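Participant: Okay, predicted coordinates and the sequence, questions at the end:
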Amino acid sequence: MTGKEFFTRWRTEIIRGVLILGVVFGIGIFVVSMVGRGKAALHDFGHQFTADAFGGDRAHGQPWEFVKPLAQDHTLWLRNVNGSISITPSDGKNVEIRAERTTKHSPADSVRIVTMESENGLTVCAVWPGRSSECGPDGHYSSQGHGNGNDVAVDFEVRLPHGVRVDASTVTGDVTVEGASAPVDAAAVTGDVRVETASGPVSATTVTGDAHATVHGFTEPGEVKITTVTGDAQVDLPSNVDAVVDGHTVAGDISSEFQPLSVTGKFASHSLSGTLGKGGRQIHITTVTGDVDLREVGPMPEAAPATAPVPPAHRPPPPARESSRPRSGRS
């Protein structure tokens, strides 16, 4: 088959794939610029850190800790730049936050942790020196200037009271939310984003990494948006969900446990679409180079009794991560 014959045969799919690629890369750029609630400085800030920012022998600074009651229907906004965010449920009414600062060269305490309270909830920001930074109520975070090569990384560990919403973002690092009981908005630029909640909706976005959301139920209106560029995009939903599903990948596969959803596309891109139940709520699942997966999930299991978090320095190394999804039988 000549090049001309190939293009003629697959012309529609090629054009469609190029258009989707442009749209999804546009989404990636949007995520980079908006990850700190529309504060473009976060993107520039992420470029300062070297690839070994989390590797090797790093010194540990004095941990920062915060404990205070946070009522249901309020929101915890957590803003980080260089480091991970891990959130697990608490069996009490207090939000408990621990920030572990590690470094190779820069003073660990050169990065400040700032808190701002409002009638809507609590905002917590990691603020690096050498920049004109602002941490305000309701998730406001802006930062301008240069960090002068500061290599401090900040890892947040949070125990979250029942019914508190989460809005968490970082530039370099993973964002993990387990056992939440209210809507979650989680974002990263370079890192995996994994969210589990008993009460959606959910937004999980990243550029370089996997985006995975597990929603056991819904108590509020709103879309579910799972977006990445170079990674897999997966969402787990209740079997009785009412929603309209829209999924796209350019270079990956699509699989779904829900019927009757249709998978289309033969060459440059694949799409997943259809209506579940009565429709209504929008479910968007988008990636460029990864797979799109839609899975059924049951009610959230009963939480085990909460225990105090173990400081990172005393933890055994985590096991190698393996994908929970089969690598065969895709459409």
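Facilitator: Arrived safely. Numbering: from 1, shown residues only.
Participant: Who does the residue most central in space within the chain form a beta bridge with?
Facilitator: Nearest to the geometric centre of the chain sits V193, at 3.1 Å (C-alpha atoms, centre = their mean). Assessed by DSSP bridges, V193 has beta-bridge partners V175, A211.
Participant: for this structure, what spans make up the helices?
Facilitator: If DSSP state H is used as the criterion, the helices of the chain fall at 3-34, 41-46.
Participant: where among those helices is the average confidence lowest?
Facilitator: By mean pLDDT, the lowest-scoring of the helices of the chain turns out to be helix 41-46, with a mean of 43.
Participant: so what's I97 up against?
Facilitator: Applying C-beta atoms under 8 Å, 6 or more residues apart in numbering, we find I97 in contact with W64, E65, F66, V67, L78, V124, F156, E157, V158, R159. (C-beta placed from N, C-alpha, C; glycine too.)
Participant: how about 6 Å then?
Facilitator: Shown here is I97, whose contacts under the criterion C-beta atoms under 6 Å, 6 or more residues apart in numbering are F66, V158.
Participant: Could you list the low-pLDDT ranges of the stretch 51-200 of the chain?
Facilitator: Across the stretch 51-200 of the chain, residues meeting the criterion (pLDDT under 70) sit at 51-56, 131-132, 143-147.
Participant: repeat that with 50
Facilitator: The model of the stretch 51-200 of the chain has pLDDT under 50 over residues 51-52.
Participant: how many neighbours does the closest residue to A243 other than its chain neighbours have?
Facilitator: Nearest in space to A243, with sequence neighbours left out and distances taken as C-beta to C-beta, 6 or more residues apart in numbering, is R281 at 4.4 Å. One way to gauge burial is a neighbour count; for R281, by other C-beta atoms under 10 Å, it gives 20.
Participant: In this structure R281 contacts V244, no?
Facilitator: No: R281 is beyond contact range of V244, at 7.1 Å (criterion: C-beta atoms under 6 Å).
Participant: biggest strand in the protein by residues?
Facilitator: Selection of the longest strand in the chain by residue count, based on DSSP state E, yields strand 94-103.
Participant: Listing partners with orientation, what would you give for that one?
Facilitator: Each strand paired with strand 94-103, and its direction, by DSSP bridges: strand 59-60 (antiparallel), strand 64-69 (antiparallel), strand 153-160 (antiparallel).
Participant: As a markdown table, these with distance to T102 and mean neighbour count would be great.
Facilitator: Below are the strands paired with strand 94-103 laid out as a markdown table (distance: least, C-beta to C-beta, whole Å; neighbours: other C-beta atoms under 10 Å):
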| stretch | distance to T102 | mean neighbour count |
| --- | --- | --- |
| strand 59-60 | 5 | 13 |
| strand 64-69 | 12 | 13 |
| strand 153-160 | 5 | 24 |
